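Colleague: how would this look folded up:
(chains A and B)
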Protein chains: 2
Amino acid sequence: MTVTHNCVLPNALRIPALTKLANKRIVLASASPRRLQILRQFGLDPEIVPSKFAEDLPHDEFSNVYEYPVATATEKAVEVYVRMVEENPDDPPSLVIAADTVVLTKIASAGSNIHDSLLPEVRPDILEKPQDKGDNLRMLLELNGYAIKSMDDRCIVHFHDSHISILEAYVDSEEGMDRAGGFALQERGAHLVSRVEGDFYNAVGFPGSAFFKWIGVLINEEDDFMDFDI
Amino acid sequence: MTVTHNCVLPNALRIPALTKLANKRIVLASASPRRLQILRQFGLDPEIVPSKFAEDLPHDEFSNVYEYPVATATEKAVEVYVRMVEENPDDPPSLVIAADTVVLTKIASAGSNIHDSLLPEVRPDILEKPQDKGDNLRMLLELNGYAIKSMDDRCIVHFHDSHISILEAYVDSEEGMDRAGGFALQERGAHLVSRVEGDFYNAVGFPGSAFFKWIGVLINEEDDFMDFDI
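Modeller: So this is what the prediction gives:
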């Protein structure tokens, strides 16, 4: 019996980056409802198989901090792919999508010319999820008035220079407790942010526009892209 | 009998810009579900009283096109306020929020230094809502590879230089038919956009962050701000 898959939503744009994914087994290696929501907005409704990778790569092993989330996302994707193939060798995923978001502070002021700041003189700090409210406030104070950015598709999030009472009100909402950097751009955390340079959805959790653009490029450049399992 | 009002949501941040609005009659002069959604995200759930203003100010009467949406929004707010006071003089709104979004094309390339382009040498075209699919495609072709911006809180939306087949697929989705500029940044139109410089929510329909920041400033600067009706 052949298992059928279809992760492309009925209202998806009829573009190669999506039509090529029809009838493929597409997996999102993340439990993040925000990443799934963004993919669905772009027309893709993947299977959810959260990674079991511990996400504990030591930061200081990366001479360039921007390599850290790429390495973490790679580990997530590989772990899910290997596990799924082991569990069901007859129906391997055609594509496993993994992502990792880090929030960096203390980057060089970059304006919109993001690439100038790829190698800031001050090594940026990676902000993990806050441990408690005090930790959340400490993070927001580090971000306050600073520019931060995420990658691979990188964007800069500019924060208002908010009064500490505003930051405390946000911490009290507890919304930031589960978020890298201690804020949620797509919820009440929007009060703290003046503007974004880059892909808003990347800052939320997944760079949808760059991702599907890239899929389209791969389809153009590689005649057999994702045809191996037909 | 005193009518009570409360437009501040229970989970709103406890910041002056919101607590000051508690128990006031706050009105949004717009039928746009997107504007309401953004205000609710920021903690405010206003009464909806759509403006009956015709939105037909002649573009060419404005020597600076950036004055057009300000004038339109002003007309909307005044029309709603006057009508509500006439209908119920005993319970006037404390605040009427109106907004107008225009999408401009052919602006000078501005990088992130938006203010340099306030007076572009080429007069930008205002893109209205498309009349039909052909009109929608014409708009997207004008935007394709261009930067566009909206104001008062202004942001620049950078478009991919998409293949025309991608634009046609978007037009066929009919999503852009009801939107200024012919695209919806927060839906499938995100495929067409590479990045935003500025407030994403402004591009969607309402500059929430700047708005509440400004309310906070007004409360600080004017001792009697919104106290006239207590």
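
Colleague: next one: phi and psi at residue A:126?
Modeller: phi -90, psi 130 (degrees, to the nearest 10).

Colleague: residue contacts, it?
Modeller: A:59, A:65, A:68, A:102, A:103, A:104 (C-beta atoms under 8 Å, 6 or more residues apart in numbering or on different chains). For every residue, glycine as well, the C-beta is placed using N, CA and C.

Colleague: what about 7 Å?
Modeller: A:59, A:65, A:68, A:102, A:104 (C-beta atoms under 7 Å, 6 or more residues apart in numbering or on different chains).

Colleague: Among those residues, which ones are in strands?
Modeller: residue A:104 (DSSP state E).

Colleague: Of the contacts of residue A:126, keep whichever come out buried.
Modeller: Among the contacts of residue A:126, the ones that count as buried by 16 or more other C-beta atoms under 10 Å in any protein chain shown are A:65, A:68, A:102, A:104.

Colleague: need the helices for chain A, in chain order.
Modeller: Taking DSSP state H as the test, the helices found in chain A are A:16-19, A:33-41, A:67-87, A:133-143, A:164-173, A:200-204, A:208-221.

Colleague: Adding mean pLDDT and distance to residue B:72, write those helices out as TSV.
Modeller: Shown next, in TSV, are those (pLDDT from 0 to 100; distance: least, C-beta to C-beta, whole Å):
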stretch	mean pLDDT	distance to residue B:72
helix A:16-19	89	37
helix A:33-41	94	29
helix A:67-87	86	43
helix A:133-143	70	36
helix A:164-173	88	31
helix A:200-204	88	26
helix A:208-221	84	30
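
Colleague: which one of those helices lies closest to residue B:129?
Modeller: Closest to residue B:129 of these, according to C-beta to C-beta: helix A:33-41, at 21.5 Å.

Colleague: what are the C-alpha coordinates of that closest one, in PDB please?
Modeller: Extracted C-alpha coordinates of helix A:33-41, given in PDB (Å, rounded to 0.1, in the frame of the first residue of the first chain):
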ATOM      1  CA  PRO A  33       3.000  26.900  16.700                       C
ATOM      2  CA  ARG A  34       4.400  30.100  15.300                       C
ATOM      3  CA  ARG A  35       6.600  28.300  12.700                       C
ATOM      4  CA  LEU A  36       3.700  26.200  11.600                       C
ATOM      5  CA  GLN A  37       1.400  29.200  11.400                       C
ATOM      6  CA  ILE A  38       3.900  31.000   9.100                       C
ATOM      7  CA  LEU A  39       4.300  28.000   6.900                       C
ATOM      8  CA  ARG A  40       0.600  27.700   6.600                       C
ATOM      9  CA  GLN A  41       0.300  31.300   5.700                       C
END
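
Colleague: residues in contact with it?
Modeller: A:9, A:28, A:46, A:48, A:99, A:201, A:204, A:205, A:206, A:208, B:187, B:190.

Colleague: hey, what's the second one bridged with?
Modeller: According to DSSP bridges, the residues that bridge with residue A:28 are residue A:48, residue A:97.

Colleague: coming back round to it: of the contacts of residue A:126, which ones also sit close to chain B?
Modeller: Counting by C-beta under 7 Å from any C-beta of the partner chain, nothing from the contacts of residue A:126 sits close to chain B.
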